[in-house]
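*Asks:* Give me the fold of what follows.
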Amino acid sequence: MKKRVNLITVAVLMALTGLLTYVVTYSFVSDDFSDQLEIYGSHRSELKTFFDTLDYIDNNFVGGTDRGTQAQGAAAGVVESLGDPWSRYFTPAEFEVYLANRKNSIAGIGIETDPEQTGYIYILRVIPGTGAEGAGLLPGDRITHVDGAAVAEIGYDAAAAMIAGEEFTSVKLTVERPSEGGGSFDADIVRQVIYVDTVTSTIIDGVGIIRIKNFNERSDADFIEHLQNLLDAGVTALVYDVRDNPGGELDKLIKILDRILPEGELVTLRDRSGQTEVYSSTAVESVDLPSVTLINKDSVSAAELFAADLKEFGWTTLVGEATGGKGYAQDTFRLDDGSGLYLSTMEYFTSKGISLDGIGLTPDREVLPAEGETPAFDPAADRQLAAALEVLTGR
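*Replies:* Just a heads-up that it's a prediction; the model follows:
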């Protein structure tokens with residue numbers, strides 16, 4: 001009888017435990033569900049204009065609609081509403097091109113273009129040995145259509161994404177050649193993987209000229225290799241050229257600065273909560289030679305920091321044009337549909353704790369390029385380079 005009572009007691013306790021677990025779990029789930037409903041309701045209220053617009057489109061628009069395209073347009077609009085010129089949204093195709101560019105390799109046709117020109121894709125340079133050269137494309141040509149789509153209608157980013165693609169596939173371009181009086185022709189070009197030279201160098205009158213195209217993948221190793229070759233050749237001074245350099249990855253910048261500069265703080269990052277992270281030079285090696293750093297309005301982000309740190313360490317003279325001034329660092333996020341978000345998440349500061357945001361760098365010697373002049377390894381064709389050599393050699 002006692003055993004039976006014990007069994008009944010155990011059963012009752014188990015039932016009570018189960019009931020208590022259910023009550024507690026339900027309470028938590030209910031509270032969480034209520035919180036989620038409250039958050040959703042708050043967002044729905046805050047975004048009422050957006051949802052009302054969708055409703056009007058769904059119920060009244062005479063043309064066709066695509067919810068995926070609408071979602072991408074909304075995402076792009078949200079990022080644009082931040083008012084931050086450095087944050088942006090990428091469609092899936094644009095995001096793949098962006099990621100490929102960070103690797104300094106891309107499956108494409110072999111052209112460098114000017115994103116500032118509208119209505120067409122303007123070719124700045126044709127890379128030797130590529131499909132574009134084989135098809136007879138020339139600098140100054142204008143691509144007006146990509147696979148039948150008008151660049152003026154779809155925009156530069158979408159057109160550039162269409163030109164890129166999988167290796168061994170082809171793309172059809174319609175090209176205008178104003179240098180020969182207009183008219184257009186079609187070119188079918190097979191895409192190939194193209195590797196970008198991140199760093200190039202030469203020697204002029206005993207001065208090493210080293211141009212850094214960007215601070216993305218391979219740039220640190222390429223820079224150190226080119227720099228060592230110049231030092232082994234016995235150069236007596238250096239010109240660091242970061243004109244038209246859009247920046248890149250912080251770790252590549254730090255490795256390059258660490259090779260040049262003595263021990264000291266290089267860059268400080270500060271996130272939205274005020275937490276900071278400081279990057280410094282180890283001073284294992286440094287390059288104590290007279291130097292000039294060439295800058296222009298398109299020396300951005302890591303390129304500005306590079307020039308600023310060399311200047312603040314007393315390591316260089318700045319020649320060229322004032323830079324635009326960027327003070328935010330970005331992180332990249334991949335979204336579920338393959339699109340991407342490039343979002344400003346941190347402020348950054350130079351070795352002396354200065355933000356370049358909206359201020360930029362002012363050259364010690366301002367030299368403006370002649371009309372149509374672009375960076376070159378020939379001082380006769382590049383007045384900014386000629387001025388840099390004059391500073392270093394006195395000639």
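*Asks:* Can you give the domain ranges for this protein?
*Replies:* For the chain, whose domains are defined here by automatic domain parsing, the residue ranges read 1-63, 105-195, 199-393.
*Asks:* Could you dump the ones you listed into a markdown table and include mean neighbour count?
*Replies:* (Glycine included, C-beta is placed from N, CA and C.) As requested, these are exported to a markdown table (neighbours: other C-beta atoms under 10 Å):
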| stretch | mean neighbour count |
| --- | --- |
| domain 1-63 | 10 |
| domain 105-195 | 16 |
| domain 199-393 | 18 |
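*Asks:* Any chance of JSON lines for the ones you listed, columns mean pLDDT?
*Replies:* Formatted as JSON lines, the domains of the chain follow (pLDDT from 0 to 100):
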{"stretch": "domain 1-63", "mean pLDDT": "63"}
{"stretch": "domain 105-195", "mean pLDDT": "91"}
{"stretch": "domain 199-393", "mean pLDDT": "95"}
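*Asks:* any chance of the ones you listed in a markdown table, plus distance to Pro85?
*Replies:* What follows is these, written out as a markdown table (distance: least, C-beta to C-beta, whole Å):
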| stretch | distance to Pro85 |
| --- | --- |
| domain 1-63 | 23 |
| domain 105-195 | 14 |
| domain 199-393 | 9 |
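*Asks:* Which among the ones you listed is found nearest to Phe90?
*Replies:* Proximity to Phe90, assessed across the domains of the chain by C-beta to C-beta, is greatest for domain 199-393 (4.1 Å).
*Asks:* How far does that closest one stretch from one end to the other?
*Replies:* This stretch, domain 199-393, spans 24 Å end to end (C-alpha to C-alpha, to the nearest Å).
*Asks:* same thing with stretch 210-226?
*Replies:* Using C-alpha to C-alpha, the end-to-end distance of stretch 210-226 comes to 7 Å.
*Asks:* Between the domains of the chain, which one is closest to Phe95.
*Replies:* Phe95 lies closest, by C-beta to C-beta, to one member of those: domain 199-393, at 3.5 Å.
*Asks:* just to revisit the earlier point, nearest to Gln72, out of the domains of the chain?
*Replies:* domain 199-393 (6.2 Å).
*Asks:* So which of the domains of the chain is nearest Leu99?
*Replies:* When those are compared (using C-beta to C-beta), the closest one is domain 199-393, at 7.7 Å.
*Asks:* Tell me the helices and strands packed up against the longest strand that the chain contains.
*Replies:* In the chain, taking DSSP state E as the definition, the longest strand is strand 340-349. The criterion is 3 or more C-beta pairs under 8 Å, 6 or more residues apart in numbering; DSSP states H and E, and the helices and strands that strand 340-349 contacts are helix 67-80, strand 88-90, helix 92-102, strand 264-271, strand 328-334.
*Asks:* Run through who's touching the following helix or strand past the third one.
*Replies:* So that's helix 92-102. Reading on from helix 92-102 to the C-terminus, the next helix or strand found by DSSP states H and E is strand 105-108. Counting by C-beta atoms under 8 Å, 6 or more residues apart in numbering, strand 105-108 makes contact with 97, 100, 163-167, 191-196, all of which sit outside it.
*Asks:* now for the domains of the chain, which one comes closest to Thr91?
*Replies:* For the domains of the chain, the distance to Thr91 is smallest for domain 199-393, at 5.5 Å, taking C-beta to C-beta.
*Asks:* Which parts of the stretch 101-250 of the chain are strands?
*Replies:* Along the stretch 101-250 of the chain, counting by DSSP state E, counting those that start in this stretch, strands occupy 105-108, 111-114, 121-126, 142-146, 149-150, 170-176, 184-190, 192-195, 199-204, 207-212, 237-241.
*Asks:* export those strands to JSON lines and tack on distance to Ala221?
*Replies:* What follows is the strands of the stretch 101-250 of the chain, written out as JSON lines (distance: least, C-beta to C-beta, whole Å):
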{"stretch": "strand 105-108", "distance to Ala221": "14"}
{"stretch": "strand 111-114", "distance to Ala221": "22"}
{"stretch": "strand 121-126", "distance to Ala221": "24"}
{"stretch": "strand 142-146", "distance to Ala221": "33"}
{"stretch": "strand 149-150", "distance to Ala221": "38"}
{"stretch": "strand 170-176", "distance to Ala221": "32"}
{"stretch": "strand 184-190", "distance to Ala221": "30"}
{"stretch": "strand 192-195", "distance to Ala221": "13"}
{"stretch": "strand 199-204", "distance to Ala221": "9"}
{"stretch": "strand 207-212", "distance to Ala221": "12"}
{"stretch": "strand 237-241", "distance to Ala221": "17"}
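*Asks:* To Asn229, which of those strands lies closest?
*Replies:* Put simply, out of the strands of the stretch 101-250 of the chain the one that sits nearest Asn229 is strand 199-204, at 7.0 Å, with distance taken as C-beta to C-beta.
*Asks:* Look up the residues forming beta bridges with Val171.
*Replies:* Taking DSSP bridges as the rule, Val171 bridges to Ile189.
*Asks:* Hmm, it is touching Asp186, no?
*Replies:* No - proximity of Val171 to Asp186 does not meet the contact threshold set by C-beta atoms under 8 Å, at 11.0 Å.
*Asks:* Please identify every residue contacting each of those two.
*Replies:* Overlap between the neighbourhoods of Val171 and Asp186 is empty, taking contacts as C-beta under 8 Å, 6+ apart.
*Asks:* could I get the helices and strands packed on strand 340-349 as TSV with distance to Ala283?
*Replies:* Conversion of those to TSV gives the following (distance: least, C-beta to C-beta, whole Å):
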stretch	distance to Ala283
helix 67-80	40
strand 88-90	37
helix 92-102	29
strand 264-271	8
strand 328-334	24
